[in-house]
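Undergrad: Sharing a model that was predicted from the sequence below.
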Amino acid sequence: MITTFSGAFLGSFAEEDVGRQGMTVSSVVGNATASRGLEVAVANLQEYCNELENRLLTRFDAASQRRELSTMAECAKILSQFNRGTSAMQHYVGLRPMFDPEIMIADTRLVLGDQGSQPSPSNVARGLASLYKEITDTVRKEAATITAVFPSPNDVMSILVQRILEDRIPKLLEKLLVKPSLVNPPPMEEGGLLLYLRMLAVAYEKTQELSRDLRGVGCGDLDVEGLTESLFLPHKDIYIEYEQASLRQLYKAKMEELRAESQQSSESTGTIGRTKGASITSSHQQISVTVVTEFVRWNEEAISRCTLFSLQPATLAANVKAVFTCLLDQVSLYITDGLERSRDSLTEAAALRERFVLGTSVSRRVAAAAASAQAEAAAAAGESSFRSFMVAVQRCASSVAIVQQYFANSISRLLLPVDGAHAASCEEMATAMSSAEGAAYKGLQQCIETVMAEVERLLSAEQKTTDYRSPDDGIAPDHRPTNACTRVVAYLSRVLEAAFTALDGLNKQAFLTELGNRLQKGLLNHWQKFTFNPSGGLRLKRDITEYGEFVRSFNAPSVDEKFELLGIMANVFIVAPESLSTLFEGTPSIRKDAQRFIQLREDFKSAKLAARLSSLWPSSS
């Protein structure tokens, strides 16, 4: 107000000076002298006004100490004439006990606890809630006094709340939110980056609540929301980098934990270095749906912070996409590694099987019997690795389903405000899972190889030459399947139970169709080693029926058809030579395979069937 007075005086004399431009030189000199006199008067007035203002402020302070609201109001009214009362308002706010340095130290102690202790987000949340309630209650009490004392209470409230948000709260947040290094993040034992992010979220949420409460009490035209946001800008500007780094740190720590558990389990069970039977797979860490669920839980927490910090839909969508991509990377890497480890078990079992592989020639039965114990061990390893891989595939599928469900329920709606973000994330999801799909496909191929190797071993070990060429041909035929057939079907029933449980949909159909085709081809090759008489042909037909009934459980029409054709071809061993010409009139497509079968008839040479077939089917000769 002093400046206003002097300015007015000076302005008035300046106007008069402008109106006297026609005066003589002597008049101008006289006017300058008068101007200097005016400056002295203004200086004296300003000194008086300052003294008056100081006396009023002193009186105001004394009345404030005694809570004499009427005297305070009288002083405030007069002081409002000095610079619109700004000095009085700032003076009043500056002397409030809530800004005492000791009070601010107590704030830190209330929120963070004793010095040297590790604060937890839950304790910090309680501390902030208590502190902010105390601040709000204090401001509410001050509001009553300010309304009773000051001519412009809204202006005073604005100054008070601004002082809280620019002085008291920042000093607390500076102690609470120490930004950690991304290059050398704090170890997980000390909370890792996640502790900082949780503290940031708690502080942001509680401070937002404080700003709303202060707005409710009253703060004039002050932009409380803008001031509150500015407190967190240094943290929010690079927030998403910390979120991504935290998720990576969590994943790394979890993998180290799982490896340590696997190592400890291996050492305690003594499976390290063992290479026989089922113990091959016990040292490998299996995929766990619980672990994948934990990945999703980390991501859900990160997404909740994205929602809290990202005020604009486009910013939110970008941050959500970045966080969800972390989950895709984690799940893809984890399940792919798990499938590869299970594939390693299949590879180890195959190597073990190669060491004790049985000869395919029936004449090597003696050598086969000598290695039967080792062969059984290799077979057990193969079956164990098969089951282990099927469990891995099942858990892989469950893990992918969990991620897809999470995307549908929690992520997709947050991406919609940005064109193309939803589609891009769907594409990322497919790409991320492609490596796991590749590992699963290779492993399933190895599973088929494992099953077929055991089928071939069982057939070689159990199938006897007399099964299909009984020396007592002509007596009542044996209508039971051969022992080799029974053993193979029992093995397939047992081992494929895991596949029926683990696989579904197109994956199951493709796997079983491929296996069924391989089984049919393997049986054809196996039977090429034998000679058949009519009773043996009936026995073969019984075996084919047994195999055919089993593969019907595959629900693969193309496989069923192939086994039906095998049954038809088996008739070549039963019918008389002269009936062969009409046997395949309805199914010319199998004449080539049928011709190979006919050559296995016991009477192929004696009945001169080669010449007969040449005349019957010249195109296939």
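TA: Noted; the coordinates are in hand. Residues are numbered from 1 along each chain as shown.
Undergrad: now stretch 202-221, how far from the centre of its chain.
TA: 34 Å (CA atoms, centre = their mean, to the nearest Å).
Undergrad: Buried residues in it, which are they?
TA: 202-204, 206-207, 209-211, 213-214, 217-220 (16 or more other CB atoms under 10 Å). In this view, the C-beta of every residue, glycine as well, is placed from N, C-alpha and C.
Undergrad: And for stretch 337-356?
TA: Result for stretch 337-356 [16+ other CB under 10 Å]: buried residues 337-346, 348-350, 352-353, 356.
Undergrad: Equivalent analysis for stretch 144-160, please.
TA: Per 16+ other CB under 10 Å, stretch 144-160 contains these buried residues: 145-146, 149-150, 152-153, 155-160.
Undergrad: who's in contact with that stretch?
TA: Residues from elsewhere that reach stretch 144-160, judged by CB atoms under 8 Å, 6 or more residues apart in numbering: 69, 72-73, 76-77, 80, 84-85, 88-90, 92-93, 96, 139, 142-143, 217-222.
Undergrad: try 10 Å
TA: Residues outside stretch 144-160 that contact it (CB atoms under 10 Å, 6 or more residues apart in numbering) are 60, 63-64, 67, 69-77, 79-80, 84-86, 88-90, 92-94, 96, 98-99, 138-139, 142-143, 214, 217-224.
Undergrad: Do me a favour and get the end-to-end distance for that stretch?
TA: Chord length of stretch 144-160, first to last residue, is 13 Å (CA to CA, to the nearest Å).
Undergrad: for the stretch 401-550 of the chain, what spans make up the helices?
TA: Secondary structure of the stretch 401-550 of the chain (DSSP state H, counting those that start in this stretch): helices at 412-415, 421-462, 483-502, 505-527, 534-551.
Undergrad: Determine which stretch of the ones you listed is the most buried.
TA: helix 534-551 (a mean of 21; mean count of other CB atoms under 10 Å).
Undergrad: CSV please, covering the helices of the stretch 401-550 of the chain and showing distance to residue 236 and mean pLDDT.
TA: Output for the helices of the stretch 401-550 of the chain, formatted as CSV (distance: least, CB to CB, whole Å; pLDDT from 0 to 100):
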stretch, distance to residue 236, mean pLDDT
helix 412-415, 18, 94
helix 421-462, 20, 93
helix 483-502, 46, 96
helix 505-527, 44, 95
helix 534-551, 62, 94
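Undergrad: so which of these gets nearest residue 399?
TA: Of all those, helix 421-462 sits nearest to residue 399, with 8.6 Å by CB to CB.
Undergrad: Tell me which other helices or strands that closest one touches.
TA: Under the contact criterion of 3 or more CB pairs under 10 Å, 6 or more residues apart in numbering; DSSP states H and E, helix 421-462 touches helix 313-355, helix 365-370, helix 372-406, helix 412-415, helix 483-502, helix 505-527.
Undergrad: try it again with 7 Å
TA: The helices and strands touching helix 421-462, judged by 3 or more CB pairs under 7 Å, 6 or more residues apart in numbering; DSSP states H and E, are helix 313-355, helix 372-406, helix 412-415, helix 483-502, helix 505-527.
Undergrad: right, and those - which one's nearest residue 293?
TA: For the helices and strands packed on helix 421-462, distance to residue 293 was read as CB to CB. The smallest value, 6.4 Å, belongs to helix 372-406.
Undergrad: circling back: just the ones of the buried residues of stretch 144-160 in strands?
TA: Among the buried residues of stretch 144-160, no residue falls in strands (DSSP state E).
Undergrad: most centrally placed residue in the protein?
TA: residue 327 (2.4 Å; CA atoms, centre = their mean).
Undergrad: State the distance from it to residue 194.
TA: From residue 327 across to residue 194, the span is 15 Å (CB to CB, to the nearest Å).
Undergrad: Just the C-alpha atoms of the helix or strand in which residue 102 is found, please, in CSV.
TA: Residue 102 is part of helix 101-112 when elements are defined by DSSP states H and E. The C-alpha coordinates for helix 101-112 follow below in CSV (Å, rounded to 0.1, in the frame of the first residue of the first chain):
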residue,chain,number,x,y,z
PRO,A,101,10.5,-27.2,12.1
GLU,A,102,10.0,-29.4,15.1
ILE,A,103,6.5,-30.3,13.9
MET,A,104,7.9,-31.3,10.5
ILE,A,105,10.5,-33.6,12.1
ALA,A,106,7.6,-35.2,14.0
ASP,A,107,5.8,-35.7,10.7
THR,A,108,8.7,-37.8,9.4
ARG,A,109,8.9,-39.8,12.6
LEU,A,110,5.1,-40.5,12.6
VAL,A,111,5.1,-41.7,8.9
LEU,A,112,8.5,-43.5,8.7
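Undergrad: on contacts alone, who are the packing partners of that helix?
TA: Applying 3+ CB pairs under 7 Å, 6+ apart, one finds that helix 101-112 contacts helix 121-149, helix 169-176.
Undergrad: Now which of the contacts of stretch 144-160 would you call buried?
TA: For the contacts of stretch 144-160, buried by 16+ other CB under 10 Å: 60, 63-64, 71-72, 74-76, 79-80, 85, 88-89, 92-93, 98, 138-139, 142-143, 214, 217-220, 222, 224.
Undergrad: From the residues you listed, which land in strands?
TA: Per DSSP E, the buried ones among the contacts of stretch 144-160 never map to strands.
Undergrad: Looking at the residues you listed, which are in helices?
TA: When DSSP state H defines the helices, the subset of the buried ones among the contacts of stretch 144-160 inside them is 60, 63-64, 71-72, 74-76, 79, 88-89, 92-93, 138-139, 142-143, 214, 217, 224.
Undergrad: thinking again about what came up before, which one of the helices and strands packed on helix 421-462 lies nearest to residue 239?
TA: Closest among the helices and strands packed on helix 421-462, using CB to CB: helix 313-355, at 7.8 Å.
Undergrad: quick check: angle from the closest one to helix 372-406?
TA: Inter-element angle recorded for helix 313-355 and helix 372-406: 170 degrees (by axes from the mean of the first three to the mean of the last three CA atoms, to 10 degrees).
Undergrad: so how far is helix 313-355 off the chain centroid?
TA: The answer for helix 313-355 is 11 Å, by CA atoms, centre = their mean.
Undergrad: Give the other helices and strands that that helix contacts.
TA: helix 239-269, helix 279-282, helix 289-309, helix 372-406, helix 412-415, helix 421-462.
Undergrad: Apart from its neighbours in sequence, what residue is nearest residue 167?
TA: residue 99 (6.4 Å; CB to CB, 6 or more residues apart in numbering).
Undergrad: Which pLDDT does the model give the one you found?
TA: Predicted confidence (pLDDT) for residue 99: 90.
Undergrad: Check the gap between it and residue 93 for me.
TA: Taken as CB to CB, the span from residue 99 to residue 93 is 8 Å.
Undergrad: joint contacts of the two?
TA: Jointly contacting residue 99 and residue 93 under the rule CB atoms under 7 Å, 6 or more residues apart in numbering are residue 163.
Undergrad: got the contact list for the closest residue to residue 378 other than its chain neighbours?
TA: Counting by CB to CB, 6+ apart, residue 378 lies nearest to residue 353, which is 4.2 Å off, once chain neighbours are set aside. Neighbouring residues of residue 353 by CB under 7 Å, 6+ apart: 378, 382, 453.
Undergrad: Sort out which one of these lies nearest residue 613 for me.
TA: residue 453 (34.4 Å).
Undergrad: if we can go back for a sec, from the contacts of residue 353, which is closest to residue 164?
TA: Closest to residue 164 out of the contacts of residue 353 is residue 382 (72.8 Å), distances taken as CB to CB.
Undergrad: Now render the buried residues of stretch 202-221 as a markdown table, adding distance to residue 601 and pLDDT.
TA: Formatted as a markdown table, the buried residues of stretch 202-221 follow (distance: CB to CB, whole Å; pLDDT from 0 to 100):
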| residue | distance to residue 601 | pLDDT |
| --- | --- | --- |
| 202 | 86 | 97 |
| 203 | 89 | 96 |
| 204 | 87 | 97 |
| 206 | 91 | 96 |
| 207 | 93 | 96 |
| 209 | 92 | 96 |
| 210 | 96 | 96 |
| 211 | 96 | 95 |
| 213 | 98 | 95 |
| 214 | 101 | 95 |
| 217 | 104 | 93 |
| 218 | 107 | 90 |
| 219 | 105 | 89 |
| 220 | 109 | 86 |
